[in-house]
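Asks: give me a 3D structure for the following:
(one chain, ligands or ions: 1)
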Amino acid sequence: MERFNHLKIRELKTLKEKISTDMTRIKTNLEEVDTSNIISQNQQSDNLDVASVDLANSQIIRMRNRESFYAKKLEMALKKFDSKEYGLCEDCGEEIKFTRLNARPTAELCINCKEESEKNENVMYVKKSHSYRETVDLQK
Ligand SMILES: [Zn+2]
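Replies: Residues are numbered from 1 along each chain as shown. Here you go, the predicted structure:
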């Protein structure tokens with residue numbers, strides 16, 4: 001049977017479809033946000049105080065950032081189909097199981113390496129949120 005790394009061609013097709021569906025959805029989302037959702041200064045009504053406009057905008061911007069970040073991951077995943085690296089752990093080179101890829105088509109690490117990196121991420125997160133607070137305090 002024809003295979004792509006450890007994946008069956010049928011499984012590969014499923015994953016590719018998931019990635020392109022997500023890509024289309026995100027692109028549509030980002031375009032919609034661009035044209036309609038950001039509340040500009042001119043559009044601010046008197047009923048909306050600056051803080052709630054800022055909050056709404058920052059939520060939109062955060063959502064956009066998250067979506068763009070995911071879009072980049074999807075693009076990288078698509079490139080890996082071409083280079084035949086898709087489905088292999090970026091860290092240890094192990095095969096990532098189809099069940100994991102099916103739940104997370106952009107998975108870059110096998111479950112073992114992911115767990116390892118999450119432990120490190122937690123440490124980084126604590127550091128990051130700490131320095132963030134310092135930045136905010138400085139701006140006051
Ligand atoms: Zn690994």
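Asks: who's in contact with Ile96?
Replies: Gly87, Leu88, Cys89, Ala107, Leu109, Cys110, Ile111 (CB atoms under 8 Å, 6 or more residues apart in numbering). Any C-beta I mention is one placed from the backbone N, CA and C, and that applies to glycine too.
Asks: give me the pLDDT for it.
Replies: Ile96 carries a pLDDT score of 97 in this model.
Asks: for the ion, see how far away the residue nearest the centre of the chain is.
Replies: Against the mean C-alpha coordinate of the chain, by CA atoms, centre = their mean, the closest residue is Tyr70 at 2.6 Å. Distance of Tyr70 to the ion, computed by CB to the ion, to the nearest Å: 21 Å.
Asks: neighbour count, distance to the ion and secondary structure added to the contacts of Ile96, as JSON lines?
Replies: Below are those laid out as JSON lines (neighbours: other CB atoms under 10 Å; distance: CB to the ion, whole Å; DSSP: H, G, I helix; E, B strand; the rest coil):
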{"residue": "Gly87", "neighbour count": "25", "distance to the ion": "12", "secondary structure": "coil"}
{"residue": "Leu88", "neighbour count": "18", "distance to the ion": "9", "secondary structure": "strand"}
{"residue": "Cys89", "neighbour count": "18", "distance to the ion": "3", "secondary structure": "coil"}
{"residue": "Ala107", "neighbour count": "21", "distance to the ion": "10", "secondary structure": "coil"}
{"residue": "Leu109", "neighbour count": "19", "distance to the ion": "5", "secondary structure": "coil"}
{"residue": "Cys110", "neighbour count": "21", "distance to the ion": "3", "secondary structure": "coil"}
{"residue": "Ile111", "neighbour count": "14", "distance to the ion": "8", "secondary structure": "helix"}
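Asks: how many neighbours does Ile19 have?
Replies: 20 (other CB atoms under 10 Å).
Asks: that one and Glu75 touch, don't they?
Replies: No - taking CB atoms under 8 Å as the definition, Ile19 is not a contact partner of Glu75, at 9.1 Å.
Asks: understood, closing this out.
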